[in-house]
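Visitor: What follows is a protein structure lacking sequence information:
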């Protein structure tokens with residue numbers, strides 16, 4: 001659709017309606033040092049053919065990036081079905097029972113996510129893993145007596161930032177971060193023990209942001225000391241080889257399922273998932289598709305337990321997110337159906353073995369790994385900024401610099417290996433160091 005700029009009269013009308021006199025007043029809430037004072041020097045306009053010539057597609061780089069968004073292979077079947085016009089929408093239909101195909105797809109997605117996590121119920125999706133964790137924190141506050149939210153500092157830093165944003169307007173709530181062991185990269189268990197209390201909800205990521213697998217048995221033994229506790233999954237492919245969180249007593253399992261059939265598209269769209277036990281299903285945010293029978297006795301799908309979001313008053317809703325990632329959830333269901341349990345296990349195993357292969361090569365080259373603890377398919381190495389930037393210029397992105405999130409690891413680079421990284425890619429990185 002064409003872009004039509006606002007006329008001066010329309011601008012004046014908008015400002016008058018808002019009760020302000022100028023555009024400067026409209027944007028006064030933005031700190032002055034963050035506002036650009038001059039006028040942009042823009043070339044053009046250009047026709048479409050000229051634009052394509054000026055902006056060619058970038059050459060494909062060798063990527064070892066992850067940190068929450070992962071490059072996994074997407075079977076052709078996923079695109080073939082998901083691109084059908086009746087599916088291309090992120091919305092649950094407003095007259096949902098008319099769209100039995102869409103509802104069944106979401107129901108299958110819920111069933112598979114519940115099975116993978118070892119939980120009893122899953123919702124129809126949330127925006128992303130960060131939103132899922134923030135909604136889990138809000139859900140924990142609806143449980144009587146919870147006034148402290150404990151989050152492992154080794155949880156994805158962007159997730160932790162979203163939680164703080166969500167909770168900053170909620171009174172009388174303390175958000176406390178559990179430190180990690182600087183030698184192993186896993187959670188500091190002694191700090192966790194000192195924070196035990198029935199007024200606290202506890203969340204940690206496994207594998208954590210550094211790729212380290214947390215000591216689940218020790219953590220689960222302390223679970224009775226909390227009102228509830230949840231496991232955050234950064235890459236759902238890890239569920240192909242790791243024990244389902246539900247088997248060790250987790251109350252909530254939340255996280256990111258972009259890895260299931262959704263490509264990396266400039267950072268999105270993503271797919272948040274949220275799983276819990278039957279006891280907490282009525283407090284769970286997001287929509288839920290259930291199986292029932294119509295008035296003729298035929299099997300039918302419907303939105304169930306739908307006293308949530310826009311169905312009821314805002315202050316009584318379990319969540320004020322009124323949509324979901326329906327299309328991404330469909331892609332996840334298609335991916336899991338195509339791969340099956342054995343296929344998912346193979347993908348996860350390839351990721352893990354590839355990461356160990358690359359780590360062995362880097363160690364032989366003399367590169368130091370920051371943490372000495374079992375990991376899944378990500379690990380942190382020490383690499384100076386000059387080497388990192390040189391590799392990027394040569395078309396190799398060795399990982400993510402984590403200094404901005406963890407200043408104490410100033411030269412740390414989070415390296416990720418998936419089944420998309422070949423041994424040739426690993427050797428290519430090694431020869432360029």
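Guide: All right, it came through fine. The shown structure was predicted, so the numbers you read here are calculated from the model rather than taken from an experiment.
Visitor: switch to C-alpha atoms for all contacts and neighbour counts from now on
Guide: OK.
Visitor: Low-confidence ranges, the stretch 201-350 of the chain, go.
Guide: Low-confidence segments of the stretch 201-350 of the chain, defined by pLDDT under 70: 307-311, 322.
Visitor: residue contacts, residue 338?
Guide: Neighbouring residues of residue 338 by CA atoms under 8 Å, 6 or more residues apart in numbering: 75, 77.
Visitor: What of the one 10 residues further on?
Guide: Residue 348 makes contact with 237, 238, 239, 240, 241, 419, according to CA under 8 Å, 6+ apart.
Visitor: and it, which of the three is it?
Guide: The three-state label for residue 348, taken from DSSP: H, G, I helix; E, B strand; the rest coil, comes out as helix.
Visitor: Nearest residue to the middle of the protein?
Guide: residue 129 (2.9 Å; CA atoms, centre = their mean).
Visitor: hmm, back to that, of all the contacts of residue 348, which two lie farthest apart?
Guide: For these, the farthest-apart pair by CA to CA is 239 and 419; their separation is 15.1 Å.
Visitor: Compare those two and say which is more crowded by neighbours.
Guide: residue 419 (20 against 17; other CA atoms under 10 Å).
Visitor: picking up where we left off before, quick one: the residue nearest to the centre of the chain and residue 259 touch, right?
Guide: No: look at residue 129 against residue 259 with CA atoms under 8 Å: they stay out of range, at 11.6 Å.
Visitor: need the contact list for the closest residue to residue 62 other than its chain neighbours.
Guide: Closest residue to residue 62 apart from its sequence neighbours, by CA to CA, 6 or more residues apart in numbering: residue 396 at 4.7 Å. Contacts for residue 396 (CA under 8 Å, 6+ apart) come out as 61, 62, 63, 429.
Visitor: Quick check, residue 245 in contact with residue 253.
Guide: Yes: using CA under 8 Å, residue 245 is in contact with residue 253, at 6.9 Å.
Visitor: what do the two both touch?
Guide: 117, 119, 231.
Visitor: who wins for neighbours among those?
Guide: residue 117 (28 neighbours).
Visitor: so how far is residue 163 from that residue?
Guide: Counting by CA to CA, to the nearest Å, the gap from residue 117 to residue 163 is 22 Å.
Visitor: Quick check: phi and psi at the residue nearest to residue 62.
Guide: phi -120, psi 120 (degrees, to the nearest 10).
Visitor: Likewise for residue 42?
Guide: According to degrees, to the nearest 10, residue 42 has phi -110, psi 140.
Visitor: Neighbours of it, how many?
Guide: 6.
Visitor: which ones are touching it?
Guide: Contacts of residue 42 by CA under 8 Å, 6+ apart: none found.
Visitor: Need the per-residue pLDDT for it.
Guide: What the model reports as pLDDT for residue 42 is 84.
Visitor: cool, the one 10 residues further on as well?
Guide: Per-residue confidence at residue 52 stands at 83 (pLDDT).
Visitor: do the same with the one 3 residues further on
Guide: In this model, residue 55 is scored at 81, pLDDT.
Visitor: Look up how far residue 384 lies from the residue nearest to residue 62.
Guide: 15 Å.
Visitor: What are the boundaries of the helices in the stretch 201-350 of the chain?
Guide: For the stretch 201-350 of the chain, the helices defined by DSSP state H, counting those that start in this stretch occupy 216-221, 326-364.
Visitor: Mind telling me the two of the contacts of residue 396 farthest from one another?
Guide: For those, and using CA to CA, no pair is farther apart than 61 and 429, which are 11.3 Å apart.
Visitor: Between those two, point out the one with more neighbours.
Guide: residue 429 (21 against 12).
Visitor: would you say the more buried one is within a helix?
Guide: Yes: assigned with three-state DSSP, residue 429 falls within a helix.
Visitor: Looks to me like residue 138 is in a helix.
Guide: Yes: counting by three-state DSSP, residue 138 is found in a helix.
Visitor: Could you find the closest non-adjacent residue to it?
Guide: residue 167 is the one closest to residue 138 (CA to CA, 6+ apart), at 7.7 Å.
Visitor: Burial check on the one you found, number of neighbours?
Guide: 18.
Visitor: cool, residue 28 as well?
Guide: Neighbour tally, residue 28, other CA under 10 Å: 11.
Visitor: And residue 191, by the same measure?
Guide: Neighbour number of residue 191 under other CA under 10 Å is 14.
Visitor: OK, contacts around the residue nearest to it when sequence neighbours are not counted?
Guide: Of all residues not flanking residue 191 in the chain, residue 178 sits nearest, at 6.4 Å (CA to CA, 6+ apart). Residue 178 makes contact with 150, 151, 152, 153, 187, 188, 191, 192 under the criterion CA under 8 Å, 6+ apart.
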